[in-house]
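Trainee: The following comprises the amino acid sequence and a computationally predicted model.
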Amino acid sequence: MDLPVVRPASTVLPLRDDGGPFEVLMLRRSPRSEFVAGAYVFPGGALDDADETAVARVVGWDASRARRQGLDDDGVAHVVAGLRELFEEAGLLVARDPAGRPLVPDEARRTRLVEHRARLNDGSTTMREVLEAEDLYLDASGLVYLAHWVTPVGPPRRYDTRFFCVRAPSGQRAANDEAETVDECWVRPLDALVAYDEGRFDMVLPTVTTLRSIADLPSVEAVLEHARGIERVERVEPRVVERDGALVVEAPGIGATMAAPEAWRRGTGPA
């Protein structure tokens, strides 16, 4: 059986604190999904060919730091993909106007953004066309590279995913897309990890490990500073192995392990 192509992808952790403990936005994937069905994840997905066309409408990206941290070709296509997926899946658009002011949509623009989001999701428009229609630029000034995970051999789809974190934009409300994702929640990383340990919050290994890496930090700014301080983001490719008669996913080098998701145990992906 041919192995699935490993597709480049981007994931974004939107963060907020609003004077209290910081929270991260998580989305629950549809139970009908072919990939990690029902799991809580961060907004994200594969790079699209059209993402390259929106590169010219990205402002504030620190390309030199991105290259130092290990992002090929300065990572700007991953930036577009991550911020596009954040808008498509969660309805949050991290953008600025030509004068450099952060996007805080009024009612008329909010209505248009809902329409743009629907058209992005059905493939009838592109991120560049949305930005040009609204005279906006993707604001990457607060986006920071955090982690790099590659899906192990086993599942029916594989991704080479760059994880980023960003402060969530003010004046916008997050909402799932009612298709690929069916629920959304703002949650403290420690609370998500407790719920996972108690079996109330299904997550996959990269999500759990990423949450653990930031759970003890006190604020959004502390998370961003932590990410900025990573000299080089290491690539992690877990493997699926059999242990005591059960399939488990383990990440060599970082000591992380968990039971393989149900779909992999049913053999829907290549062995």
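Mentor: Great, that's in hand.
Trainee: gap between stretch 109-118 and the chain center?
Mentor: Computed by C-alpha atoms, centre = their mean, to the nearest Å, the chain-centroid distance of stretch 109-118 equals 21 Å.
Trainee: From residue 154, how far out is the closest residue to residue 242 other than its chain neighbours?
Mentor: Nearest residue to residue 242 in three dimensions, chain neighbours excluded: residue 248, at 7.7 Å (C-beta to C-beta, 6 or more residues apart in numbering). Every C-beta, even on glycine, is put in place using the N, C-alpha and C of the backbone. Here the criterion is C-beta to C-beta, to the nearest Å. By it, residue 248 lies 11 Å from residue 154.
Trainee: Settle it for me: which of these two has more neighbours?
Mentor: Taking other C-beta atoms under 10 Å, residue 248 and residue 154 do not tie; residue 154 has more neighbours (24 against 16).
Trainee: Go ahead and report the secondary structure state at the closest residue to the more buried one other than its chain neighbours.
Mentor: Leaving out its chain neighbours, the residue that sits closest to residue 154 by C-beta to C-beta, 6+ apart is residue 240, at 4.1 Å. Per DSSP: H, G, I helix; E, B strand; the rest coil, the secondary structure class of residue 240 is strand.
Trainee: about what we covered before: wait, is the residue nearest to residue 242 part of a helix?
Mentor: No - Residue 248: not assigned to a helix; according to three-state DSSP it is strand.
Trainee: Would you agree it is in contact with residue 258?
Mentor: Yes - using C-beta atoms under 8 Å, residue 248 makes contact with residue 258 at a distance of 6.7 Å.
Trainee: From what I see, the residue nearest to residue 154 and residue 248 are in contact.
Mentor: Yes - at 7.3 Å, residue 240 counts as touching residue 248 under the criterion of C-beta under 8 Å.
Trainee: Give me the below-cutoff pLDDT ranges for the stretch 1-150 of the chain.
Mentor: 1-3, 34 (pLDDT under 70).
Trainee: can you pull out the helices in this protein?
Mentor: Listed from the start of the chain, the chain has helices (DSSP state H) covering 63-68, 76-90, 107-122, 127-134, 189-197, 205-214, 220-228, 262-265.
Trainee: So which of those is nearest residue 31?
Mentor: Shortest distance between residue 31 and those, using C-beta to C-beta, is found for helix 262-265: 10.9 Å.
Trainee: Just list the residues touching residue 27, thanks.
Mentor: 40, 41, 42, 43, 89, 90, 176, 181, 183, 184 (C-beta atoms under 8 Å, 6 or more residues apart in numbering).
Trainee: can you rerun that using 7 Å?
Mentor: The contact partners of residue 27, taken as C-beta atoms under 7 Å, 6 or more residues apart in numbering, are 40, 41, 43, 89, 90, 176, 181, 183, 184.
Trainee: can you check residue 201 too?
Mentor: 40, 192, 195.
Trainee: Looking at those residues, which is nearest residue 98?
Mentor: Looking at the contacts of residue 201 and their distance to residue 98, the nearest is residue 40, at 36.8 Å (C-beta to C-beta).
Trainee: What's the separation between the residue lying closest to residue 64 once chain neighbours are set aside and residue 39?
Mentor: In space, and not counting its chain neighbours, residue 64 is closest to residue 74: 7.9 Å by C-beta to C-beta, 6+ apart. Going from residue 74 to residue 39 by C-beta to C-beta gives 31 Å.
Trainee: what's the answer for residue 147, then?
Mentor: Counting by C-beta to C-beta, the separation of residue 147 from residue 39 is 17 Å.
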